[in-house]
Structure formats: C-alpha cells, structure tokens
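Participant: Using only what follows, build the 3D model:
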Amino acid sequence: KGRFTLICNPYPEYSVTGTDVDRSKVPDVSKEVTAKFPDLQRATLKNGMKVVLAQRKESPTVVASMMFDAGYCTDKMGGKLGLASIAMNMLDEGTKSLNSLQINERLQLLGAGLSTYSDLDFSYVNLNTLKQSLDPSLDLMADVVLNPSFPEEDFNRLKDQQISQIANEKKNPQGMVMRVMPELLYGKDHPYGMPMSGSGEENVVREMELGDVKGFYGRWIRPNNATIVVTGDISMPELVEKLEKRFGSWQKGDVPKKVIPEVKTAGTSNKIFVIDRPESQQSLIVAGYLTKPYGQMDETAIEQMNNVLGGDFTSRINMNIREDKHWAYGAGSGIMNTAGQRPFFVFAPVQTDKTKESIQEIVKEVNMFVGDKPMTQEEFDKTKQNTVLGMAGMWETNNAVNNSAKNIVKYGLKDDYWKTYSSRVQGLTLNDVQSTAKSIVQPNNLGWFMAADVAKTMPSLEQLGMEVIQIDAEGNVVSKKAKP
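Facilitator: As a prediction, the model looks like this:
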C-alpha cells in the first residue's frame, strides 16, 4: 500500500528557522529596547470636541475614552463633596430609551465594555469594543452621554452605596488617612482638599438630590469641555465622520473655569497627625508634602529616583523596614500624579510597638538619600536597566496605549512625550537623577499622618521632637501636644 503524508503549516511565523542556535547557553539580553508608541493625530469636531487618535492597524479592537475636564475636584467649585462620583456613575444607569439592564444586554451582544467614572482631575466615559462592532458601540456610547435619564431609584441606590463606601473608609487605616491627609496638605478651601477617593462626606451625600446630579451634568458634560482619545485600527477621516454623525448635534455650552491654585505652604511640616484606631495591631504611617505638578520636572528621572528610594521591592526603605527590621510586610514611597501640585509620600504599615522607631528609620533613609549616602552608580544602573528591559511590553494593548495618550491630554504633555520616552530614559545619567532627587526629596518638609492605637503609641511619639496632634476621622482636632 502507498502512503500519503500531508504537512500543513497554517502559521508560517512559527516555523523552525534553523538549527544553528547554540542551546548550550542562555541567550544574551539586549541592552537596547525601543518602546514604540504610535504618532498622535488631532482634530476638532464642529461643536468644539477635541479628537486624539493613536492609530494601530494591527489591532482588532478599538478603545475610545471621552475625557471631561471635570474630576471630583470640581465638587468644591459649585458642587457638593461626592457629587462628581455619583453623577458620573449615574450616566450609564439609563437613557431615555434604555434602562441599565438593557444597556448591559446590548454591550454583551456587541462584545463591548462601557464604564463611566471620575478621578481627581477628569471624568470619563470609556468604550472598549471590536472594530467590527464599532458603529453600534458608538451609538450606545452616544446615547449614554447625550441622553441620560437619571432614574431616581438608581440614584438612591448609588447614594446608599457611596455612604457605605465612606463608612468602610473610616474603618480602614488607609481609607482613614487618605480621607484627612489631602485637606491637611492643601487646605480646606482648596479643590484638592477633600477625601482622596472622591466619595465625599456622609451628611452631604445623604442630603444630595437628583437636581444636583443634573446640575453637574449641565455644567461640565459639554462637547467643548471634552476630548475623545481613540486607539485602534481606524483613520482620522473615518473617525471624525463617525463622531460627527453621533455627537455633531450636541450643542456647546458655557463651562465654569476650573482653577487649581498653588499652595504656598501646607503647615504640616514636622507635625504628626494621629487618628485613633484602638487595639490596632499596626500603625499606618504616611509622611508627605506637596511638590510640583506632573510634567513640570523630568518624570523619567523622578521614576528612577523613586524606584531606588521606595518604589521597588529592593528599594532602600523596603529593605530597611521589611527585610532588615521585619517591622512591616512592605514599605515604600511614591508620587501621586495630579494636574496641580502633587503629594510626594512615604508609607509604612508597621507593628504597633515599633511606630516611633519606624519613623526614625524613615527620616534616616530620606535624609541619607539626599545627604551623605546618595544613589550609587550600581543602584542607578540596576533601576535603569529594569526600566529599559520592561519597555518592550509597555504598549502591547490598546488600553495601555490609550491610557498613555490620555495622560498626554490630562497633563498637557507634548505629543511626542511617549515616543521619546525610551531615548530619554536611556539617556539618563546618575547625575541627572541625583539632581532631581535633591529637588524633589525635602526631608524637612515631611508631615506625618497616621492611623494607630493612640494609647499605645502617643507616649513614644511625643519623644520624637515634633508636635503631635490627635484628630478624629473627619480631621477635627481632639488634642495637641506641643513640640518639646
């Protein structure tokens, strides 16, 4: 009998390339990695809505994020604390023709996702869909943005959920600190001087009315206050045509001016603010102060600086507090990204009986970093290499590209910011990062914010030579112990 053999190779890119590979040793890792970010294209619709496109022809999905220059910092600009969060959550609870269940059913049929939310500076309507489903998905997105019905039953439910969130924040150490720290750093009247989650205050949320939500929508959700950032396989002419068809009839409106004033001095330096958490087995320590807004300094140098000080697992702060002392499961540092001044902070959830000692170690590490033990060449080379080698996977997905493009809009960065990111990181020197560290890291400006068992920690805290202030979960002063 004869024999017939059929060899099928449906994926030629996976074919064996040859046998000239030396498998006796591990392949060398390239020291040069180029992170490729697509060119950004810009356009403006007739009603003033800005369009930003990052075209990726190889992707079957499209991500569209509509950004409104109105985060929950606007709660202090004619709103109420917690309003922006509820208002944006209400957008996808129903339109004039669809209820929330019908919206979700359509999304499932389309294989799409839609979300609405706020952060500190902006509010968003995000769409993630297949290219083949783009038209009906954009129809649904437009319906949500242009025709919200604001059903009262869903409004009351969301209010209850937000009140529950506030209650949970007041029980959680991190939530407790992040509710009071912004007001202490920025001041009560500053747009950022509110709970960092945007959940607001319980009594304010409880008294909120549906008219407040409609007022937020009318003030801020306008085409001339919006930028839609799109990533995927679509050209700008095609995109503009689709957007004009769905959003072109949306009329411009007067939008309040969003102002984020500069804080000259926070008044928290060398002070310890403690919220009592009786019988807590840990003390959450957060130390921080305000530094310049995102994009006003060399962010690549800031990233490398923070990696060594407290951003990586092998950072100095974590190696000290966790690995050497065993006082915490993790400790570190970071910088929150905001359009206005942003907090630089150090954090450490430590065992209660080592609260004072942990503060002393943090002070020591921060001082040494800009003093007699600055970043070494070995530390710099290691963190830079880790960053460079991680670049290849930075923008593998449309969501990753879209998020980076949104940051360009959000912080007013140059359009080539991410295209030049790879070369800027690879061009960094140790001197660049050390100079940035001296500008950012200011040990004498640190204010201390804690959630801890006051009865067990207060006596030792009073030995640190700083003013110690006990506050409640709302930030009200309970007692003060002057600096000795």
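Participant: residue nearest the centroid of this protein?
Facilitator: What sits nearest the mean C-alpha location of the chain, by Cα atoms, centre = their mean, is residue 337, with 6.4 Å.
Participant: so how far is residue 183 from that one?
Facilitator: Remark: distance between residue 337 and residue 183 (Cβ to Cβ, to the nearest Å) = 19 Å. For glycine as for every other residue, the C-beta is placed from the backbone atoms N, C-alpha and C.
Participant: quick one: average pLDDT of the lengthiest helix in the chain?
Facilitator: For the chain, the helix with the greatest residue count under DSSP state H is helix 152-169. Helix 152-169 shows a mean pLDDT of 96.
Participant: And stretch 35-48, by the same measure?
Facilitator: 94.
Participant: Let's see the distance spanning that stretch from one end to the other.
Facilitator: End-to-end span of stretch 35-48 (Cα to Cα, to the nearest Å): 33 Å.
Participant: Going forward, count from 781.
Facilitator: Yep, numbering from 781; the last one is stretch 815-828 now.
Participant: quick one on the thing from earlier: excluding its backbone neighbours, what's nearest the residue nearest to the centre of the chain?
Facilitator: Distances taken as Cβ to Cβ, 6 or more residues apart in numbering place residue 1074 nearest to residue 1117, at 4.6 Å, with adjacent residues excluded.
Participant: I'd assumed residue 1118 was in contact with the one you found.
Facilitator: Yes - at 6.6 Å, residue 1074 and residue 1118 qualify as touching, with contact defined as Cβ atoms under 8 Å.
Participant: so who does the residue nearest to the centre of the chain touch?
Facilitator: By Cβ atoms under 8 Å, 6 or more residues apart in numbering, the contact set of residue 1117 is 1074, 1187, 1191.
Participant: In terms of helices and strands, where is residue 1048?
Facilitator: For residue 1048, there is no helix or strand it lies in under DSSP states H and E.
Participant: Residue 823 too?
Facilitator: Residue 823 is part of strand 820-824, with elements assigned from DSSP H and E.
Participant: Can you tell me, leaving aside adjacent residues, what's nearest to residue 1005?
Facilitator: residue 1035 (4.5 Å).
Participant: Same question for residue 1143.
Facilitator: Of all residues not flanking residue 1143 in the chain, residue 1223 sits nearest, at 6.7 Å (Cβ to Cβ, 6+ apart).
Participant: Near that neighbour, how many residues? Count them for me, please.
Facilitator: Using other Cβ atoms under 10 Å, residue 1223 is surrounded by 19 other residues.
Participant: thought it was touching residue 1145?
Facilitator: No - the pair residue 1223 and residue 1145 fails to qualify as a contact (Cβ under 8 Å) at a distance of 9.5 Å.
Participant: Quick one: the helices in the stretch 881-1030 of the chain, in order.
Facilitator: For the stretch 881-1030 of the chain, the helices defined by DSSP state H, counting those that start in this stretch occupy 914-926, 932-949, 953-966, 982-987, 990-1000, 1016-1027.
Participant: and residue 976, which of those helices is closest to it?
Facilitator: Smallest distance to residue 976 across the helices of the stretch 881-1030 of the chain (Cβ to Cβ): 4.3 Å, for helix 953-966.
Participant: so that closest one versus helix 932-949, what angle?
Facilitator: Orientation check (axes from the mean of the first three to the mean of the last three Cα atoms, to 10 degrees): helix 953-966 against helix 932-949 gives 90 degrees.
Participant: Only the buried residues of helix 953-966, if you could.
Facilitator: 953, 955-966 (16 or more other Cβ atoms under 10 Å).
Participant: Export only the CA atoms of stretch 1034-1044, formatted as CSV.
Facilitator: Extracted C-alpha coordinates of stretch 1034-1044, given in CSV (Å, rounded to 0.1, in the frame of the first residue of the first chain):
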residue,chain,number,x,y,z
ASP,A,1034,-20.7,77.7,29.0
VAL,A,1035,-18.3,75.7,31.2
PRO,A,1036,-17.1,77.0,34.5
LYS,A,1037,-13.4,77.8,34.7
LYS,A,1038,-11.5,75.1,36.6
VAL,A,1039,-8.9,76.7,38.8
ILE,A,1040,-6.3,74.8,40.9
PRO,A,1041,-4.5,77.4,42.9
GLU,A,1042,-0.9,76.9,44.2
VAL,A,1043,-0.4,76.1,47.8
LYS,A,1044,2.4,78.2,49.2
